[in-house]
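Asks: Return atomic coordinates for the entry below.
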Amino acid sequence: MIHFGGLTILAADLSPTNIFEPASTPADSIRGLYLFVLAVTGAIFLVVFGMLMYAAVKYRRRPGDDLEPVQIYGSDQLELAWTVIPVLIVMVLFLSSARVIHAVQDARKPPGAIEVTAVGHQFWWEFRYPQYGFVTANELHVPASDAAQPTPTFITLLSADTDHSFWVPRLAGKTDLIPNHPNSIWIDPRETGLYVGQCAQYCGTQHAKMLLRVYVESRADFDRWVRAQKQTIQPNATTSRDVSEGRKVFETTACINCHTVAGTVADGRFGPDLSHLMSRETLAAGATSNTRENLRLWIQNPEAIKPGALMPAMNLTDKELDEVTAYLLTLH
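Replies: Below is the predicted model of the structure:
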């Protein structure tokens with residue numbers, strides 16, 4: 001909390017990735033360890049700096065000091081002190097770190113825990129909800145955890161290509177996604193809201209724009225979101241001609257080789273699942289807001305929004321672009 005000009009501002013308001021405003025048990029444990037280590041190392045710095053200053057002042061050369069100071073060779077007490085004390089300090093830091101690592105990495109999965117599989121791709125996130133049978137992308141939704149009845153979310157981390165790293169500072173520590181080596185992480189956010197992070201391991205051209213958005217919702221809102229994600233979009237008799245034509249264009253181009261839309265012939269796995277595209281607030285893993293204009297530009301020229309993105313430009317005509325955009329806008 002920062003006080004400025006009579007105003008009190010939460011540090012989290014200044015930086016949404018502030019590690020000093022944890023909202024989940026793992027992040028809280030990491031902050032506690034950080035502050036403890038900072039206190040210990042700060043105390044060491046003050047002691048060493050104080051002794052250096054004392055020695056520099058007390059034994060400084062004064063006018064008339066022409067003789068060499070008395071030389072002392074060996075001191076069992078001094079050598080014992082500078083050996084034992086550092087060993088004890090290292091042991092304390094080691095045990096403190098091991099305790100936090102054990103608490104975070106070996107936490108037991110309680111009944112009712114939410115399970116999610118996060119797959120890192122260049123340069124977006126795939127989120128699978130095996131308990132509910134659907135897949136989404138880039139925006140992770142989890143329920144808030146009640147202290148009386150904890151409902152943590154356990155996340156299995158996989159990589160589809162190269163090394164990535166899952167890091168939402170206010171919820172948990174940085175955990176890597178390594179090809180052919182499953183990893184895991186868990187969070188139990190106590191407050192609803194949006195928590196942001198990003199891939200924290202360099203993974204290619206668009207590493208900096210491989211963003212993470214975690215929406216923490218009340219249990220009722222989360223259940224409502226789950227029900228919506230499980231629904232399959234059904235053709236509507238009143239669908240406009242542009243939407244119908246847009247679906248035809250979508251299903252007869254390379255779009256279906258990369259993307260999935262539930263209830264259609266599109267079953268690609270290389271790109272994000274688009275079944276409920278318009279339920280997301282952002283496009284291109286958080287690179288821009290999900291609006292009609294940005295969606296059309298993203299289809300027309302992905303490089304304009306995310307240089308280095310692996311999605312190719314589809315080279316559609318203006319008419320086809322309008323039709324495909326109209327179709328995708330119906331995918332709620």
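
Asks: can you pull out the strands in the stretch 1-150 of the chain?
Replies: Using DSSP state E, counting those that start in this stretch, the strands of the stretch 1-150 of the chain run over 2-4, 7-9, 114-121, 124-129, 134-137, 139-143.

Asks: State the distance from the residue lying closest to Gly204 once chain neighbours are set aside to Ala285.
Replies: Distances taken as C-beta to C-beta, 6 or more residues apart in numbering put Gln122 closest to Gly204, at 5.1 Å, once the chain neighbours are dropped. For every residue, glycine as well, the C-beta is placed using N, CA and C. Distance, Gln122 to Ala285, using C-beta to C-beta, to the nearest Å: 10 Å.

Asks: Mutual contacts of the two, please.
Replies: Met210 (C-beta atoms under 8 Å, 6 or more residues apart in numbering).

Asks: Gly173: how many residues sit nearby?
Replies: 20 (other C-beta atoms under 10 Å).

Asks: And the average pLDDT for stretch 88-99 is what?
Replies: Averaging pLDDT along stretch 88-99 yields 96.

Asks: now stretch 182-196
Replies: Mean predicted confidence for stretch 182-196 is 95.

Asks: And stretch 57-77, by the same measure?
Replies: 83.

Asks: what do you get for stretch 135-146?
Replies: 95.

Asks: Now do the buried residues in it.
Replies: 135-145 (16 or more other C-beta atoms under 10 Å).

Asks: ok, the residues you listed vs Lys58, which is closest?
Replies: Among the buried residues of stretch 135-146, Ser145 lies closest to Lys58 (C-beta to C-beta), at 56.9 Å.

Asks: that older thread, more neighbours: which of Gln122 and Ala285?
Replies: Set Gln122 next to Ala285 and count neighbours by other C-beta under 10 Å: Ala285 wins out with 24 against 19.

Asks: The more buried one falls within a strand, correct?
Replies: No - secondary structure assignment (DSSP: H, G, I helix; E, B strand; the rest coil) places Ala285 in coil, not in a strand.

Asks: Nearest spatial neighbour of it, chain-adjacent residues omitted?
Replies: Per C-beta to C-beta, 6+ apart, closest to Ala285 is Trp124, 4.2 Å.

Asks: ok, the one you found touching Ala287?
Replies: No - applying C-beta atoms under 8 Å as the test, Trp124 and Ala287 come out as separate, 9.5 Å apart.

Asks: For the two, indicate the residue with more neighbours.
Replies: Here Trp124 and Ala287 are compared on neighbour count by other C-beta under 10 Å; more neighbours surround Trp124, at 25 against 21.

Asks: so what's the more buried one up against?
Replies: The contact partners of Trp124, by C-beta under 8 Å, 6+ apart, come to 137-138, 210, 271-272, 284-285.

Asks: how far away is it from Ala220?
Replies: On the measure of C-beta to C-beta, Trp124 and Ala220 end up 29 Å apart.

Asks: same question, Gly271
Replies: Taking C-beta to C-beta, one finds Gly271 at 32 Å from Ala220.

Asks: Between those two, which is the more surrounded one?
Replies: When Gly271 and Ala220 are compared for neighbours, Gly271 comes out ahead with 17 against 9, by other C-beta under 10 Å.

Asks: ok now do the residue nearest to that one when sequence neighbours are not counted, which residues does it touch?
Replies: The shortest distance from Gly271 to any non-neighbouring residue, by C-beta to C-beta, 6+ apart, is to Cys258 (3.7 Å). For Cys258, the contacting residues are 268-271, 311, by C-beta under 8 Å, 6+ apart.

Asks: make it 10 Å
Replies: For Cys258, the contacting residues are 266, 268-272, 274, 310-312, by C-beta atoms under 10 Å, 6 or more residues apart in numbering.

Asks: same deal with Ile101?
Replies: Counted by C-beta under 10 Å, 6+ apart, Ile101 has contacts 29-30, 33, 173.

Asks: Thought Asn180 was touching Asp163, still the case?
Replies: No - assessed by C-beta atoms under 10 Å, Asp163 is found out of contact with Asn180, at 11.3 Å.
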